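>>> my questions concern the predicted model and sequence given below.
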Amino acid sequence: MKIKKKFWLPTLLALTAAFTVACSSGASTSATKSTTGKDQFVYAIQSDPTDINPITTTNREGLTYVNMIFSPLVRIEADGSKKNELAKSMETSADGKTVTVKLRDDVKWSDGEKFTADDVVFTYKQRADKKNGRQNKMLVGDKLIEVKKIDDYTVEFILPSASAAAIENVATETYIIPEHVYKDVTDFSVKDLNIQPVGTGPYKLVENKRGEYIKFTANENYYGGQASIKDVVFRIIPNTDTAKVALQKGEIDATVVLPNDVADLDKETIASHEYTEGSVEYLGLNTKSEALKDPKVRQAIMYALNKEDLNKAVYLDNKFYETPNSFLPTDNPYKTDDVEKYATNVEKAKELLKEAGVSNLKLNLWYRGNDKAYTLQATLIQQQLQAVGITVELKGVESSALTAELLKKESTAYDMFLNMYIWGIDPDLYSVMYTSDSSRNYFRFNSTETDDLFKNAAVELDSAKRKEQYNELQKKIAKDAIVYPIVTKKRILAVNKNVENVDKAQLIPIYTFEDVSKLSKK
């Protein structure tokens, strides 16, 4: 083991040094005052939204776009609390089978039409349609939740049976669309509805120029009040170094940076804001791959890895990250560490490979090639697995290409992949990743036991019993060795100091800002 340590230390140092140099490119560029203007906020995002349909989108860029234009009934805050948006109140019946939502009666769509319960029923009807790919939130077991209009400003969600998960999630984070605009759409499963969007959110879409920018202007009918900054632009900058230089030159007002970048920022003109997203970055294993069907091989891979080295190389200091053991993020109240942690054990990894009758194993690893953090992680994983005789081919691809491949249900093109998710507080939300028939089961793993654990925990109303069931579920998924949780990281947003009220706009998971309209500029 000491020999391995001597081998790894210089490798890790060399890679980290190279990563730091890469992150520091453009560091000498002197920061200048923002040139974007007082009435415009320019925010860099890494890629075009691949899905801008409010019914179907689940990716960060798509949801960030949707959050500018549309609003949910209820929003889940970063701490797990609920905030009413289009809803005025929400009440659950004593038998746990009916959720009654009273709606705001002072909301208008961006085209001036009134928002009513008809729009809510229409939206949830599309969510309940299986062919649109997002039906899971509308099911209790295999039965649909009914959405009923009581009057113009009251709707009821009628559950087929009591379900803690449905009560918790049914009215949250579904973005409501206007019936009068979208009633003639025949296919809600597509990624772009190809209609000029009309919403209740703080901004309206002006122009979406793919590969370059997305421009929004303030919605004068926004129920949250008039925006302080009239125009917002999402500028597409795939390379994080390029985005950092653009920020330093004042060409953009904000961008996400890595810990390595923080030291390069001019503290006089740029502020960095750290916040937790409740995310999990992970290495996923494709169990449809012939090489990874044996759980002993998958477990060997995990014992061969050292996630602490991976995290120190990318995030430098543990103030920027925590190390998860479960598929749930470290700050999730349902998380348990009483699972197989796969502490680094090279000899055990070799023994498991031998027991599986495997030698000279060759695997590929897919990741987002334009992301510096994933690139470094992939390189280190390649090095760590080489120590147990596994050869890894690195396959860095565009974000859209990775997503497209992961969504192909029978794909065996990838053996392993690096990815991340943010699903929220309630563990039932993660079923979309880990149940057998889910479209986002990128591990291609089928387990009746896992499916049953998710189903039983979802309907359990006793909170203590429910937590016990999720503890068992976490143990089961860890034992199956389909996912290797690497990091729950803090996100760092660098913002030009002429932008004010970041705290009022609220930094939250996925969307970055809860409400961009609360920002102002000097």
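That came in fine, so what should we check first? Residues are numbered from 1 along each chain as shown.
>>> which residues of the stretch 251-400 of the chain fall in helices?
Ranges of helices in the stretch 251-400 of the chain, per DSSP state H, counting those that start in this stretch, are 259-262, 295-304, 307-315, 346-355, 372-386, 399-406.
>>> may I see the buried residues of the fourth one?
Neighbour counts over helix 346-355 (16 or more other CB atoms under 10 Å) mark 346, 348, 349, 350, 352, 353 as buried. From N, CA and C alone the C-beta is placed, and that goes for glycine too.
>>> with the third one instead?
In terms of neighbour count (16+ other CB under 10 Å), helix 307-315 has its buried residues at 307, 309, 310, 311, 313, 314, 315.
>>> what's the per-residue pLDDT of the second one here?
What it means is residue 309. The predicted structure scores residue 309 at 96 on the pLDDT scale.
>>> equivalent analysis for residue 234, please.
Residue-level confidence at residue 234 comes out at 98, pLDDT.
>>> parallel or antiparallel, list what pairs with the helix or strand that contains it.
If you go by DSSP states H and E, residue 234 is part of strand 231-236. For strand 231-236, the paired strands and their directions (DSSP bridges) read strand 40-45 (parallel), strand 213-218 (antiparallel).
>>> pLDDT below threshold where in this protein?
Scanning the chain for pLDDT under 70 picks out 1-34.
>>> spatially nearest residue to residue 491, not counting backbone neighbours?
The shortest distance from residue 491 to any residue other than its chain neighbours is 5.3 Å, reached at residue 277 (CB to CB, 6 or more residues apart in numbering).
>>> residue 430 versus residue 485, what's the distance?
Look at residue 485 and residue 430: by CB to CB, to the nearest Å, they are 12 Å apart.
>>> find the residues that touch each one of the two.
Shared contacts of residue 485 and residue 430, defined by CB atoms under 8 Å, 6 or more residues apart in numbering, are found at residue 327.
>>> to residue 417, which of the strands paired with strand 231-236 lies closest?
The closest of the strands paired with strand 231-236 to residue 417 is strand 40-45. By CB to CB, the value is 21.6 Å.
>>> quick one: distance of that closest one to the chain centre.
Relative to its parent chain, strand 40-45 has a centroid offset of 20 Å by CA atoms, centre = their mean, to the nearest Å.
>>> begin at 24 from here
Sure, I'll start numbering at 24, so the last one becomes strand 63-68.
>>> let me see the residues that make contact with that strand.
Applying CB under 8 Å, 6+ apart, the set of residues contacting strand 63-68 from outside is 59, 84, 87, 252-260, 266, 269-270, 274-279, 522, 535, 539, 542, 544.
>>> which residues are contacting the helix or strand following it?
The element immediately downstream of strand 63-68 (helix or strand, assigned by DSSP H and E) is helix 83-92. With contact meaning CB under 8 Å, 6+ apart, helix 83-92 is reached by 68-77, 80, 133, 198, 220, 222, 224-228, 237, 239, 255, 257, 445, 533-535, 537, 539.
>>> just the buried members of those?
When neighbours are counted using 16+ other CB under 10 Å, those contain these buried positions: 68-77, 80, 133, 198, 220, 222, 224-228, 237, 239, 255, 257, 445, 533-535, 537, 539.
>>> any idea how far the residue nearest to residue 146 when sequence neighbours are not counted is from residue 165?
Leaving aside its sequence neighbours, residue 146 sits nearest to residue 199 (CB to CB, 6+ apart; 4.8 Å). When CB to CB is the yardstick, residue 199 and residue 165 sit 26 Å from each other.
>>> which of the two has more residues huddled nearby?
For residue 199 versus residue 165, neighbours defined as other CB atoms under 10 Å are more numerous around residue 199 (26 against 7).
>>> dump stretch 408-425 to PDB, restricted to CA.
Output for stretch 408-425, consisting of C-alpha atoms alone and laid out as PDB, is shown next (Å, rounded to 0.1, in the frame of the first residue of the first chain):
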ATOM      1  CA  LEU A 408      -8.200   2.200 -12.100                       C
ATOM      2  CA  GLN A 409      -5.000   1.600 -14.000                       C
ATOM      3  CA  ALA A 410      -3.500   0.600 -10.700                       C
ATOM      4  CA  VAL A 411      -5.800  -2.500 -10.500                       C
ATOM      5  CA  GLY A 412      -5.300  -3.400 -14.100                       C
ATOM      6  CA  ILE A 413      -8.300  -1.700 -15.700                       C
ATOM      7  CA  THR A 414      -7.600   0.400 -18.800                       C
ATOM      8  CA  VAL A 415      -9.900   3.300 -19.300                       C
ATOM      9  CA  GLU A 416     -10.600   5.200 -22.500                       C
ATOM     10  CA  LEU A 417     -11.600   8.800 -21.900                       C
ATOM     11  CA  LYS A 418     -14.400  10.100 -24.000                       C
ATOM     12  CA  GLY A 419     -15.000  13.800 -23.500                       C
ATOM     13  CA  VAL A 420     -18.100  14.900 -25.400                       C
ATOM     14  CA  GLU A 421     -20.500  17.900 -25.700                       C
ATOM     15  CA  SER A 422     -23.100  18.100 -22.900                       C
ATOM     16  CA  SER A 423     -25.900  17.500 -25.400                       C
ATOM     17  CA  ALA A 424     -24.200  14.400 -26.800                       C
ATOM     18  CA  LEU A 425     -23.800  12.900 -23.300                       C
END
